[in-house]
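Student: next come a sequence and a model predicted from it.
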Amino acid sequence: MSSLSDEQYQNKFIHSLFNSGDNLNDEEDDDNNHISQHEWICPETTSSIIYHLAFLAPGHGDSVWNSSECIAQHLLLPECRTTLFNNLNTHDMNWPPRFCIEFGAGAALPSLVLLKEGAEKVVITDRFVNDETFDALRMSVDMNANVWDVSKEELRDRVVIMPHTWGRCREIDSCHQQQ
């Protein structure tokens, strides 16, 4: 029986607290042992989305906001889009939108729904805290794209994951210059 270092014990303990009943990853992957995998199922449909959370991300990178789930559900259900886009005439609105950006994405449920719905370009941003936050976002995009038969080439053209801090325009400008 091997003994765990204090850091290993703390990580294992935190990981056990972080994992919820919807965690799909029972095996710990050494490269991503601070990232957990979950499934969100839209209550009104059979649509599901796999998402990942980086539990060492300070702030809220280790949880899914209720508002994120609500927005994702409204994006999936045509009859709910009028509520989401209250001031727009949704009958004249092209669906899915061509270009979308999510600020402070966290688990990126709305972005993932828009990708699933066929948006041409989805930009997913969050404040840079550590690489694990962005590894979790990339894992979510890659896993869902695989389920939805979106090729890696198409994914490269349709999804940008980048750091962005509120109030800083320089990061967004550099994204446009890369395109």
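Tutor: Everything's here; your move.
Student: ok, longest helix in this protein?
Tutor: Across the chain, the helix with the greatest residue count (assigned by DSSP state H) is helix 131-147.
Student: what's in contact with the helix or strand following that one?
Tutor: Going down the chain from helix 131-147, the next helix or strand is helix 152-158, by DSSP states H and E. Outside helix 152-158, the residues that touch it by CB atoms under 8 Å, 6 or more residues apart in numbering are L115, A119, E120, K121, V122, V141, D142, A145, V150. Placement of C-beta: from N, CA and C, glycine included.
Student: what about the last one, how many neighbours?
Tutor: Yep, that's V150 we're talking about. V150: 18 surrounding residues under other CB atoms under 10 Å.
Student: how about the contacts made by it?
Tutor: Counted by CB under 8 Å, 6+ apart, V150 has contacts L115, R158.
Student: helices and strands around the helix or strand hosting L53, which ones?
Tutor: For L53, the element it lies in under DSSP H and E is strand 48-54. Strand 48-54 sits against strand 35-41, helix 109-117, helix 131-147, with contacts defined as 3 or more CB pairs under 8 Å, 6 or more residues apart in numbering; DSSP states H and E.
Student: tell me the most buried of those?
Tutor: helix 109-117 (a mean of 24; mean count of other CB atoms under 10 Å).
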